[in-house]
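Chemist: fold the following and give me the result.
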Amino acid sequence: MEREQFAQAVFWKLVAHGVTDVEYLADKFSFRRSDGWVSYLGNVYQECCRVSDQEREARIAQFVASMISTHSVPRHWAAASPLLRPVLRPVTRGMGESIPNAQMLARPAFPFVDEAVVVDMPFNRAFVSSDMAREWDVEPALVFDTARANLNRLTQEGRLRDREIIQFRDTGDSYFGSCLLVPGWLAGYSTGGHRPVAFIPDNDTLLVVPDDPALLEQVFEMVEQQYIDAVRPISPQGYTIDEAGRVVPFDQIGAHPARPLALRARCGLAVTEYAIQTRILTDKFDSDLDILPWSDVDPAYVAAVKFETSPEGPITTTVWGEGVEYLLPQTDYVHFVRGDTVEDIELICTVPFDVVVELMGLIPLPGLSPTRFEARHWPDETTLNRLRNASKQAGQ
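Modeler: Numbers count the residues shown, from 1 in each chain. Okay, the predicted model is just below:
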């Protein structure tokens, strides 16, 4: 089914339910109601492309029920607070969509993964926005704390056996992936000298396994493919506990036979999330010559992130070319190059990103997530020599 046919099917289903105050926004692949509420069709359309006609009808009906019930979000804090739940979402979630009147309330949970809050209702989950918090007359911190407290009361402890994979499948009301936000929950799966490792490849899946190297090799490969195939992916990374029992990405715990796999997942997540942001920001610059509402900055080239291998394992890189103004992504290394054509490109040096930030005095742009740095001027000769020296010291 083509996109326009799908939109028409949704429209007539809305009309059948008595909803007539909707406008189809073809450029945004969305419906907008007269009160300004926008419902994006992209995710449900991708889901429907992979199922039978009967299942597609059921999903459209569920989506329409969700649209209709969206307006039942409680207007008062006392009624809303028991319904709040935390959810994990990619950091670029919502960048290409229109959320009515406000930005989705979110804060960092893990690299490239945010914690958001939803109102859990019978037919749908409505993301909490900053405007909702203001209407409830509460601070965002209280919204997050309340959502976590509600989840704490719903979670149950479990245990792992050697070489066992525990899979949780969310049917829409379980919030299994969010369990990583519950203090001590993942640590409770420690067993037999093994750390527990959790995976959240998509909205509906949580895996917990022991950090057995042979088992992790299989699971990282499986999760990577599941992440690639997912309609609503979250992360290919594994998450475990540090010495204090806090949940951290697996690549951050130090030496382990499976660390190269964790580094690959880390880099894959960075490349994916920056690619989404790069496309959205580039399109916005091309159409409007700005990237509002995210950042008030003059047009510049939105640099991409590349996946590379190195003696230390998988890394991320970006390019800074002479004579070009950039919005640089935060990567492991920066390639400094000059040349007018692809054939003439000369690699000057490759420098760790934190050194580039220090020597060039770069600061992160407010409002952009994932992080970018404004790079308007090619380094002078003195600074370029210092960058070359830093490249040699780093073994690049």
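
Chemist: tell me which residues in the helix or strand residue 88 falls within are buried?
Modeler: For residue 88, the element it lies in under DSSP states H and E is strand 84-90. Residues 84, 85, 86, 87, 88, 89, 90 are the ones in strand 84-90 that count as buried (16 or more other Cβ atoms under 10 Å). For the C-beta atoms, the positions are set from N, CA and C on the backbone; glycine is no exception.

Chemist: which among those residues gets closest to residue 44?
Modeler: residue 89 (16.3 Å; Cβ to Cβ).

Chemist: tell me if I'm right that that closest one and residue 106 touch.
Modeler: Yes. Here residue 89 reaches residue 106: they are 7.2 Å apart, a contact under Cβ atoms under 8 Å.

Chemist: and for the two, which residues touch both?
Modeler: Common neighbours of residue 89 and residue 106 are listed as 114, 116 (criterion: Cβ atoms under 8 Å, 6 or more residues apart in numbering).

Chemist: so what touches stretch 184-198?
Modeler: Here stretch 184-198 has contacts from 155, 157-162, 166, 179-180, 206-212, 216, 219, 238-241, 245, 247, 250, 253, using Cβ under 8 Å, 6+ apart.

Chemist: how about the CA coordinates for stretch 346-365, as CSV?
Modeler: Extracted as CSV, the C-alpha positions of stretch 346-365 are listed here (Å, rounded to 0.1, in the frame of the first residue of the first chain):
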residue,chain,number,x,y,z
GLU,A,346,45.0,15.5,1.4
LEU,A,347,44.8,14.2,5.0
ILE,A,348,46.6,16.6,7.3
CYS,A,349,46.1,14.8,10.5
THR,A,350,43.7,12.8,12.6
VAL,A,351,43.1,14.1,16.1
PRO,A,352,41.1,12.9,19.2
PHE,A,353,38.0,14.9,19.4
ASP,A,354,38.5,16.2,23.0
VAL,A,355,41.9,17.6,21.9
VAL,A,356,40.3,19.4,18.9
VAL,A,357,37.7,20.9,21.3
GLU,A,358,40.5,22.1,23.6
LEU,A,359,42.9,23.5,21.0
MET,A,360,40.2,25.1,18.8
GLY,A,361,38.1,26.4,21.7
LEU,A,362,34.9,24.7,20.5
ILE,A,363,31.8,24.8,22.6
PRO,A,364,28.6,22.6,22.1
LEU,A,365,25.6,24.3,20.5
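
Chemist: pull the residues that contact that stretch.
Modeler: 295, 297, 317, 320, 327-328, 330-339, 371-375, 379, 383-384, 386-388, 390-391, 394, 396.

Chemist: can I have the buried ones of the residues you listed as a ChimeraX selection?
Modeler: ChimeraX command restricting those to the buried ones, with burial defined by 16+ other Cβ under 10 Å:
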select :297,317,320,327,328,330,331,332,333,334,335,336,337,372,373,374,375,379,384,386,387,388,390,391
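
Chemist: the contacts of stretch 346-365 in helices, which ones?
Modeler: Applying DSSP state H to the contacts of stretch 346-365, the entries found in helices are 383, 384, 386, 387, 388, 390, 391.

Chemist: cool, thanks, signing off.
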